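Chemist: Below is the structure, and that's it, no one-letter string:
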DNA sequence: ATTGGTAATGGAAATCATTATCAAATAAAT
DNA sequence: ATTTATTTGATAATGATTTCCATTACCAAT
């Protein structure tokens, strides 16, 4: 959790493992996966897939989380851009939707993700 | 493309391969992957990751697509629920956001996904 | 009709993230 | 202190996706 709190990046399980080994050299990759899965299930960590074949993990939204953000993904070079603009406007709608969905589908919802997919300027010029 | 047009499901590459073989028995799985990747890059197909280790593909939004929908994911049992409610309200905001993001980050955006994460009623009762 | 070059194809092997297995280590309970 | 249960990590297994490469399809120019 501390590793995730202290970064703005989207860390993969292996990234986290490499960091964790510096703190506790005897830790195993399996434990990292197990713990991330646990954290994800209790809702404190958000597992993200950006389509590059490996999962990323970031702190789920809560008081500890500095900034809620959404993602902009380039489907060519797989670049991921975080954006925090327009979040305010989105938030109200998302909360409304979340509440309605919770009731209708009997889900206890604790997080959401929004991804926009497209092609970044760099890849568009190269094409 | 026809296979994707004629289903409401989220097909995996293998699902599509199995269907494709019935039409052209000599087609290879590699070609299916290659073609799906191509379609995804040109924006007519949306590649989705639901956290179960295999990618799913569906028609990207366009006039051919019957219904735009978003996803509700149970982080315990990995169940995925499509919902089409509230889409109308979301759409206006998403289009506005999309336009603003396109300008600011110089992305050509052609799709978006919204996922809500939580725990379904079944898993909540079992816990 | 033939040629030659390029692009597309598919099968097999390789890759790589993730999961399962299991024995050892640690903690908890009696 | 001894037994029991839980957690851990190393290794192996799994399985989706990619890479590699030989073969084939395509097509324009001869």
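Modeler: Ah, there it is. Just so we're clear, the structure is a prediction, and the values are computed from it rather than from any experiment.

Chemist: Quick check on residue A:76: phi, psi?
Modeler: phi -90, psi -60 (degrees, to the nearest 10).

Chemist: cool, residue A:10 as well?
Modeler: As for residue A:10, its main-chain torsions (degrees, to the nearest 10) stand at phi -100, psi 100.

Chemist: for it, what are its contacts?
Modeler: Neighbouring residues of residue A:10 by C-beta atoms under 8 Å, 6 or more residues apart in numbering or on different chains: A:48, A:50, A:56, A:57, A:58, A:80. No exception for glycine: its C-beta is placed from N, CA and C like everyone else's.

Chemist: three-state assignment of residue A:26?
Modeler: Secondary structure of residue A:26, reduced to three states by DSSP: H, G, I helix; E, B strand; the rest coil: coil.

Chemist: Please report how far it lies from chain B.
Modeler: Noted for residue A:26: a distance of 28 Å to chain B, by C-beta to the nearest C-beta, to the nearest Å.

Chemist: so how far is residue A:85 from whichever residue of chain A sits closest to chain B?
Modeler: Closest residue of chain A to chain B, C-beta to the nearest C-beta: residue A:49 (3.1 Å). Computed as C-beta to C-beta, to the nearest Å, the residue A:49 to residue A:85 distance reads 23 Å.

Chemist: give me the subset of the contacts of residue A:10 touching DNA strand C.
Modeler: The overlap between the contacts of residue A:10 and the neighbourhood of DNA strand C (criterion: C-beta under 7 Å from any atom of the strand) is empty.

Chemist: So which of the residues you listed is the closest to residue B:118?
Modeler: The shortest approach to residue B:118 among the contacts of residue A:10 belongs to residue A:48, at 15.7 Å (C-beta to C-beta).

Chemist: May I have the strands that pair with the helix or strand hosting that closest one, each with its orientation?
Modeler: Using DSSP states H and E, residue A:48 falls within strand A:45-49. Strand A:45-49 has the following strand partners under DSSP bridges: strand A:55-59 (antiparallel).

Chemist: What is the burial count for residue A:105?
Modeler: Residues within reach of residue A:105, counting by other C-beta atoms under 10 Å in any protein chain shown, total 17.

Chemist: Please list all residues in contact with it.
Modeler: For residue A:105, the contact set (C-beta under 8 Å, 6+ apart) comprises B:72, B:81, B:83, B:120.

Chemist: Contacts only, for the second one.
Modeler: Translated: residue B:81. For residue B:81, the contact set (C-beta under 8 Å, 6+ apart) comprises A:105, A:107, B:71, B:72, B:73, B:74, B:120.

Chemist: No further queries at this time; thank you.
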